[in-house]
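**Q** the following block contains a protein sequence and its predicted model.
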Amino acid sequence: MAEFCKQFNEKTEPMYEKGVPLGVRLSAFSDRSFKFDVRSPPTSYMILKCAGLAKGPANPNPEVASGYITPEQVYEIARIKHADEMRWHVPLEGVARGVIGSASTMGVQVREWEDIPGNEVEAAKA
């Protein structure tokens with residue numbers, strides 16, 4: 001167990017900051033050796049982080065937004081998720097559609113930066 005923790009920390013330290021939840025596929029063998037693959041953070045975690053939310057709403061409503069993300073953020077999340085072992089065969093556009101679907105079920109809407117309420121003043125200055 002200690003050896004796994006050491007190798008896991010070594011492998012993930014340059015990739016992610018501390019405290020980010022990661023998926024891991026661990027294969028343990030009878031000779032007490034092991035192999036593991038680190039996967040990207042959950043899509044919901046990345047959506048909440050991009051939207052600036054601490055947690056999702058208790059009762060998400062797709063018609064009333066609890067937060068917003070931009071198409072560029074959707075692309076970045078999809079690019080990270082596309083690198084996972086299980087998604088190599090899915091086109092990037094398909095992964096992005098999945099991210100949008102996840103965001104929608106969480107009550108997070110995808111909009112251009114200037115269309116997000118509260119950003120009209122900032123967009124006018126630019």
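**A** Nice, I can see it.
**Q** how far does the longest helix belonging to the chain sit from its chain's centre?
**A** Ordering each helix of the chain by length in residues (DSSP state H) puts helix 92-105 first. Relative to the centre of its chain, helix 92-105 is centred 11 Å away, using Cα atoms, centre = their mean, to the nearest Å.
**Q** relative to the next helix-or-strand element following it, what are the paired strands and their orientations?
**A** Of the helices and strands lying after helix 92-105 in sequence (DSSP states H and E), the nearest is strand 108-110. When sheet partners are counted by DSSP bridges, strand 108-110 sits next to strand 67-69 (parallel).
**Q** what mean pLDDT does whichever helix or strand comes after the partner strand have?
**A** Next helix or strand after strand 67-69 toward the C-terminus (DSSP H and E): helix 71-82. The average pLDDT for helix 71-82 rounds to 95.
**Q** what's the answer for stretch 46-64, then?
**A** Throughout stretch 46-64, pLDDT has a mean value of 86.
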